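**Q** Next one to model:
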Amino acid sequence: MIIPLNSKKLKFYIVILIFLNVIFYKKIFSQNNTNILFQDKSINQLYENFSKSYTTLDTQQIANCYANEAWVINLYTNGKPNLLQGKENIRKYYKDFFDGIQKNNQKLRLTFKVVERKKNNTPKTNIADAGYYKLEVLENNIVVQTGYGKFATVLHLKKKRWIFETDATSDAKATEFEEVNGVTIPEK
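**A** Predicted structure coming up:
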């Protein structure tokens with residue numbers, strides 16, 4: 001079938017082809033960009049260190065994961081919204097939490113699943129991450145309680161080390177964590 005160049009059908013097909021081309025290009029580009037960011041072990045190291053802080057109940061190590069004027073925002077269903085600013089306030093918050101765990105002779109295991117990561121390239125390089133976490137409470141190396149949550153963080157590169165500028169968390173269901181695809185940190 002020969003379609004005249006000035007026909008409405010040809011214009012329609014051209015518009016459709018351009019539209020599909022743009023969609024596929026955008027999808028391929030964003031996947032490659034995301035994959036490259038997920039492969040950057042220096043970014044994931046921040047989450048490794050944070051998780052290790054939970055395992056060792058080390059409040060100083062956890063404080064070192066944050067910028068001096070960082071924000072922690074807790075938005076859990078069964079509690080009032082909680083805003084913390086500053087590394088020292090964040091350290092004190094975790095000290096109270098970790099002291100309660102130690103008092104009960106318990107241990108913690110924290111696992112992240114980062115599902116989205118975006119980077120800006122302004123003079124102040126930031127990464128924004130979103131995902132889920134699983135927090136397990138252990139007694140005698142047996143899991144006695146498991147909690148799940150969502151997180152959104154903003155990371156900043158300072159002196160060749162990534163730190164949290166903003167760390168926001170809320171509740172999630174076990175199925176959300178278990179069924180989502182993402183980069184698991186620490187790797188199993």
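
**Q** shouldn't Ala172 be in contact with Thr146?
**A** No - taking contacts as Cβ atoms under 8 Å, Ala172 lies outside contact range of Thr146: 11.5 Å. For the C-beta atoms, the positions are set from N, CA and C on the backbone; glycine is no exception.

**Q** Which one's more surrounded, the two?
**A** Taking neighbours as other Cβ atoms under 10 Å, Ala172 and Thr146 compare with Ala172 leading, 18 against 12.

**Q** That one: what's it in contact with?
**A** With contact set as Cβ atoms under 8 Å, 6 or more residues apart in numbering, Ala172 has these partners: Tyr132, Tyr133, Tyr148, Gly149, Lys150.

**Q** How about Leu135?
**A** Leu135 makes contact with Tyr54, Leu108, Arg109, Leu110, Thr146, Gly147, Tyr148, Gly149 under the criterion Cβ under 8 Å, 6+ apart.

**Q** What ranges in the chain fall below the confidence cut-off?
**A** Low-confidence regions of the chain, defined by pLDDT under 70, span residues 1-36, 123.

**Q** pretty sure Thr153 is touching Thr169, no?
**A** No - with contacts counted by Cβ under 8 Å, Thr153 stays clear of Thr169, the gap being 9.1 Å.

**Q** Could you identify which of the contacts of Leu135 has the most neighbours?
**A** With neighbours set by other Cβ under 10 Å, the maximum within the contacts of Leu135 is found at Tyr54, which has 22 neighbours.

**Q** In terms of helices and strands, where is that one?
**A** Take DSSP states H and E as the rule and Tyr54 turns out to sit in helix 41-56.

**Q** do the same with Ile101
**A** When elements are defined using DSSP H and E, Ile101 is found to belong to helix 87-103.

**Q** Quick check: buried residues in that helix?
**A** Applying a neighbour-count criterion of 16 or more other Cβ atoms under 10 Å, one finds Lys87, Asn89, Ile90, Arg91, Tyr93, Tyr94, Phe98 buried in helix 87-103.
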